[in-house]
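Peer 1: what follows is a protein structure lacking sequence information:
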């Protein structure tokens, strides 16, 4: 309603929606205003709820929500769709939406805040993870993996950079039950500009996400930031990031299995990849995923549609 009112006095050239929720409104406005619509999908929002318990999100409801979200571009005949990953583009194409209108732009980072720096080995083994620590970030895979590592290498320090959410508390409780001497630290909120400094304290960055449509379609920001700093990474095999980082020696895609994930982290702690490989990946990330590069792709597509 707000946009319709403003459109009485302003002639819009295009509508750009950011995220799935605003895409619903943008699609309806395309017909009302008769202007091009470009939808930018930053993730597969409803797909993350696959990792929620069924009592919180009944599966028959979730299937309808996921299908509705994926239908938005075709339903409203969007002029172009920007996606955060190749995997998300593939899923939109499966609905019958025109592939030529799909443009993966991935997800960026601020290269000024995450510069490649000398990365001396920590005095003790250290594993780091940062982020919002939602339910889908720290599930059974993370709990089993961290427990196994703590038992096999009790000197290992685990650093969680971010707020102490219920998911972090649950993980700590489960880990301490099996490995009472585990060294777990949660920093609480850390300003974004200080995250890189804390990440530099570790030897391996981890992404132990559970498998879901949401995580597979994500282009995980923390992997980009780990790589930018030259930090070796162990991740579950998420399709969205594996298509970009799959051949990189300093990024190891494990399995959706806590035992195997733990083995891969321990191996990477004991046998880090050549520093030259980590530095090469950091330069690639800076060249392809710095925010100005990502934004330029989005603006070029929007301008092409408008013109």
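Peer 2: That came through, no problem. Everything numeric in this text was worked out from a predicted model, so none of it was measured.
Peer 1: for residue 95, see how far away residue 301 is.
Peer 2: 20 Å (C-beta to C-beta, to the nearest Å). C-beta: built from backbone N, CA, C; applies to glycine.
Peer 1: so these two - more neighbours on which side?
Peer 2: Taking neighbours as other C-beta atoms under 10 Å, residue 301 and residue 95 compare with residue 301 leading, 20 against 13.
Peer 1: surely the more buried one meets residue 79?
Peer 2: No - with contact defined as C-beta atoms under 8 Å, residue 301 does not reach residue 79; the gap is 9.7 Å.
Peer 1: between the two, which contacts overlap?
Peer 2: Both residue 301 and residue 79 are in contact with residue 38, where contact means C-beta atoms under 8 Å, 6 or more residues apart in numbering.
Peer 1: which one is residue 52 nearest to, not counting chain neighbours?
Peer 2: Closest residue to residue 52 apart from its sequence neighbours, by C-beta to C-beta, 6 or more residues apart in numbering: residue 135 at 6.4 Å.
Peer 1: pretty sure the one you found belongs to a helix, no?
Peer 2: No - with DSSP: H, G, I helix; E, B strand; the rest coil as the criterion, residue 135 is coil rather than part of a helix.
Peer 1: give the contact list for it.
Peer 2: Shown in contact with residue 135 (C-beta under 8 Å, 6+ apart): 51, 52, 167.
Peer 1: and which of these is nearest residue 139?
Peer 2: Using C-beta to C-beta, residue 51 is the member of those that sits closest to residue 139, with 6.3 Å.
Peer 1: surely that closest one touches residue 137?
Peer 2: No - the pair residue 51 / residue 137 is not scored as a contact, 9.2 Å apart, by C-beta under 8 Å.
Peer 1: comparing those two, which residue is more hemmed in?
Peer 2: Taking neighbours as other C-beta under 10 Å, residue 51 and residue 137 compare with residue 137 leading, 25 against 20.
Peer 1: quick one: residue 214 is in a strand?
Peer 2: No - checked against three-state DSSP, residue 214 lies outside a strand; its state is helix.
Peer 1: quick one: pLDDT of it?
Peer 2: Per-residue pLDDT puts residue 214 at 93.
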